[in-house]
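> quick one: sequence and predicted model below, then my questions.
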Amino acid sequence: MSKTSRKQDALDYHSQGRPGKIEVIPTKPTNSQGDLTLAYSPGVAEPCLKIAENVEDVYKYTAKGNLVAVISNGTAVLGLGDIGPEAGKPVMEGKGLLFKIFADIDVFDLELDVKNVDDFVKIVKALEPTFGGINLEDIKAPECFEIERRLKAEMKIPVMHDDQHGTAIISAAALINACELQEKKIEEITIVINGAGAAAISCTRLYVSLGARLENIVMLDRSGVIRADRDNLEGTKAEFATKRNISTLEDAMINADVFIGLSSADVLSAEALKTMAPNPIVFAMANPNPEIAYELAVATRDDIIMATGRSDYPNQVNNVLGFPYIFRGALDVRSTSINEEMKVAAVKAIAALAKENVPEAVNLAYNAKNLKYGKDYIIPKPIDTRLIITVAPAVAKAAMDSGIARHPITNWEQYREELKLRLGMDDALMRSITNKAQSAPKRVVFAEADNYKILKAAQIVKDDGIAIPILLGNKAIINQIIEENELELDGVAIIDPLEEAEMTEKFAQYLYQKRQRRGVTLYEAKKLMRDRNYFGASMVQFGHADALISGLTKNYASTVKPSLQVIGTEEGVNRVAGMYLMLTKKGPVFFADTTININPTVDELVDITVLVNKSVKQFNIKPRIAILSYSNYGSNEGEVPHKTREAVRILHQKHPKIMVDGEMQANFALNKSLLNDNFPFSKLKSAPANTLVFPTLEAGNIAYKLLQELGGAEAVGPILLGMNKPVHVVQLGSSVREIVNMVTIAVVDAQAKENG
Ligand SMILES: NC(=O)C1=CN([C@@H]2O[C@H](COP(=O)(O)OP(=O)(O)OC[C@H]3O[C@@H](n4cnc5c(N)ncnc54)[C@H](OP(=O)(O)O)[C@@H]3O)[C@@H](O)[C@H]2O)C=CC1
Ligand SMILES: CC(=O)C(=O)O
Ligand SMILES: [Mg+2]
């Protein structure tokens, strides 16, 4: 993409639709006159009076506790300089957006037309009743130091100048890890800091508090090296003046271990970079363009660890990794400020998280196969949802331990769950299914192990203790994929059916016995065992594995067939069916049949419902089943209303314990009041249905796909129902996440089948 089109894209992004990037959305119902009476006059007077009696109640009755002001006067906007408050507004709206999406913190961005420190402090101080915290942004040095110092001293809510401390925290975490990777000690490294403003001063102070030696640091501003003998040195600059007899960036770079850029674009040359010590560390953090272009730096030094403030290169060292979570932790314990202990806790939490295995969603988002702690991954990626559950609790705990928390957290497990819910990570059901799987992992055989996605999923389920993978396929090919992608599958069994004469003989004999009257000869049975779906199913049948996963590379029907022939259906069950677990914004809902029975008869609908009822219980959920149609309790005639009505009648008669009703339309099944108002006799009147049985495959299939695309629901499945042993077939081309989900379900299925 050309530079011009990127610029135009950025302008379009901001101008199209509703201009800007944020809006205010009510959090309470506003549909009726009654709602408005509560939201505004006269109802609103009640919380007003409560707060007047006890001012702390402002946290109970208003949004204050989750509201942060992002405040700037536009004097140091990114590396663009003093461009004014209006010109800085897109950045402040951007900070607001990041606060919201990464930490569910609401923001009002306030751009002040004020340069004078006294006036600035006076205005911000007066905002204390409105906000739970103050994030100062892009205010130039040296005024920013006094502004922050005075506001911290005079306000009882957390105040943080992000460019100073957010940047210091994240770059310190990155520096600790980069030193470790380059085998350097922080106490010994020589550091060149280019820039002597808000960010540079605060970063340097933090590095010193973490062990860096003042005498090993050279700081530069626009006039060159800050030397003790320079005239007119401002207070903050004097703190880092060097005694060395050098003047230029080029002088300072000779043999330096680390370059920290917090100045402006393209000020570091390749020539200067060449003179650095072996294994140099370069954080060129000026935004939007770094002190040296990423490509130039890595082309100049192959022993470098290179980071920028940008999201489009590896190692984004940007305060976005810090401020959302620091404020989240501070707000959640209602701390009176953000102190050193909280900052250091954030540094340690961020640095440690980089060493953990990277979730697949992060790999996918960055189009990476396998991000791993190393030179190109020294700190976590901003979209990593583990940041909130790692950094915010660390910060909150540090606030409590250092005695500045007014609202301590007592149940950390619950707090972490709440944090997950904040990001819409409400996959509580999937988490509980995962926990269940982890409580007794089972051996899962992967029929298509000569595939990267399958191997990656195998690694994840192994790492997470969900399953013990068994890989089927050609050993050389599988090992080559593992090696090429740096997967970690040491100790995992790889079985090539073509090398397993004994097992093949045993499995073929079995299949021959089962199918000899259905046209299968022993010779053919042996040949079939070369197909990994037959071999894998046989392994499960003979107890060499507990579950089979297949289907990524073949169509559904041809993947299921071998298992049906080898394993067959459950005793007393005549057919199999497919079910999806839909993780919707309103909670989990099961859909069936979405995969197998095209136009089920009445009996088939009954069988499907019985299978679904049994399977939903495996997930510790009490099934509440609605059999769907376009008709409600006889309101319409036709083939579908008739067969669904008849299925319900038989179910009520033969399976009275199953909580099922219908026929009904989907909105009645899912809306308790609608159902109660119109059909108060319904068996489902006390709560909405959580399981929907569709009259035809097309209805089920279309419904789940619409919900996925338009409703943003995650579909887990299809869960194969009715097999005698756990066999699960992923959809052609599934993602790693979908495969992992399927394996988790297969393990829970295996546990249930083992326990009868
Ligand atoms: N990646 C990240 O997370 C962050 C990056 N930054 C980046 O850091 C830079 C500075 O921001 P901030 O500290 O807030 O701004 P300030 O205005 O407070 O400070 C800017 C500093 O950079 C110095 N400077 C500017 N140009 C040069 C140059 N060519 N050579 C040496 N020094 C120079 C200035 O020198 P003088 O004192 O002589 O004017 C000043 O000391 C910006 O580019 C900003 O985008 C900032 C915060 C976070
Ligand atoms: C990232 C940031 O805050 C800045 O560049 O100013
Ligand atoms: Mg900034």
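Alright, I've got the coordinates. Ligands and ions are numbered 1, 2, ... in the order given.

> for the closest residue to ligand 2 within the stretch 351-500 of the chain, helix, strand, or coil?
With C-beta to the nearest ligand atom as the measure, residue 382 is the residue of the stretch 351-500 of the chain nearest to ligand 2, at 11.2 Å. The way it works is simple: take the backbone N, C-alpha and C, and place the C-beta from them, glycine included. Secondary structure for residue 382, judged by DSSP: H, G, I helix; E, B strand; the rest coil, is coil.

> how about it: what's its closest non-neighbour residue?
residue 320 (5.1 Å; C-beta to C-beta, 6 or more residues apart in numbering).

> quick one: residues contacting the one you found.
Contact partners of residue 320, counting by C-beta atoms under 8 Å, 6 or more residues apart in numbering, are 98, 102, 382.

> on the three-state scheme, it is what?
Classified using three-state DSSP, residue 320 is helix.

> hmm, residue 337 is touching residue 153, no?
No: counting by C-beta atoms under 8 Å, residue 337 stays clear of residue 153, with 9.2 Å between them.

> which one of those two has more residues nearby?
residue 337 (19 against 10; other C-beta atoms under 10 Å).

> now residue 110, what are its backbone angles?
With angles defined as degrees, to the nearest 10, residue 110 sits at phi -120, psi 110.

> isn't it right up against residue 71?
Yes: with contact defined as C-beta under 8 Å, residue 110 reaches residue 71; the gap is 4.8 Å.

> shared neighbours of these two, anything?
92, 127.

> more neighbours, those two?
Neighbours were counted for residue 110 and for residue 71 using other C-beta under 10 Å; residue 71 has more, 28 against 20.

> could you give the bridge partners of that one?
Residue 71 has the following beta-bridge partners by DSSP bridges: residue 110, residue 136.

> spell out the residue ranges of the helices in the stretch 151-300 of the chain.
Taking DSSP state H, counting those that start in this stretch as the criterion, the stretch 151-300 of the chain carries its helices at 162-181, 198-209, 235-238, 249-253, 270-274, 294-300.

> neighbours of the residue in the stretch 301-450 of the chain that ligand 1 sits nearest to, how many?
For the stretch 301-450 of the chain, the residue closest to ligand 1 is residue 309, as judged by C-beta to the nearest ligand atom, at 2.9 Å. Neighbour count for residue 309, taken as other C-beta under 10 Å: 27.

> residue contacts, it?
284-288, 290, 316-318.

> comparing the helices of the stretch 151-300 of the chain, which yields the minimum mean pLDDT?
Comparing mean pLDDT across the helices of the stretch 151-300 of the chain, the lowest value falls on helix 235-238: a mean of 87.

> for that helix, which residues meet the burial criterion?
Buried positions in helix 235-238, judged by neighbour count with 16 or more other C-beta atoms under 10 Å: 236-237.

> hang on, residue 362 is in a strand, isn't it?
No: if the criterion is three-state DSSP, then residue 362 is helix and not within a strand.

> just to revisit the earlier point, which ones among the contacts of residue 309 lie within strands?
Those of these mapping onto strands are residue 284, per DSSP state E.

> dihedrals phi and psi, residue 63?
Torsion angles, degrees, to the nearest 10, at residue 63: phi -80, psi 0.

> do you know how far it is from residue 639?
53 Å (C-beta to C-beta, to the nearest Å).

> so which of the two has more stuff around it?
Neighbours per residue (other C-beta under 10 Å) separate residue 63 from residue 639, with residue 63 holding more: 15 against 11.

> and the more buried one, what does it touch?
Residues near residue 63 by C-beta under 8 Å, 6+ apart: 27, 106.

> next, count neighbours for the residue in the chain that ligand 1 sits nearest to.
At 1.7 Å from ligand 1, residue 197 is the closest residue in the chain, using C-beta to the nearest ligand atom. Neighbours of residue 197 under the rule other C-beta under 10 Å: 21.

> ok, now which ones touch it?
Here residue 197 is in contact with 76, 140-141, 221, 262-263 (C-beta under 8 Å, 6+ apart).

> let me see the backbone angles for residue 407.
phi -140, psi 70.

> what ranges does the stretch 301-450 of the chain have for its strands?
For the stretch 301-450 of the chain, the strands defined by DSSP state E, counting those that start in this stretch cover 305-308, 442-446.

> quick check: residues of this structure near ligand 2?
Counting by C-beta under 6 Å from any ligand atom, the chain comes close to ligand 2 at 78, 138, 162-163, 287, 309, 318-319.
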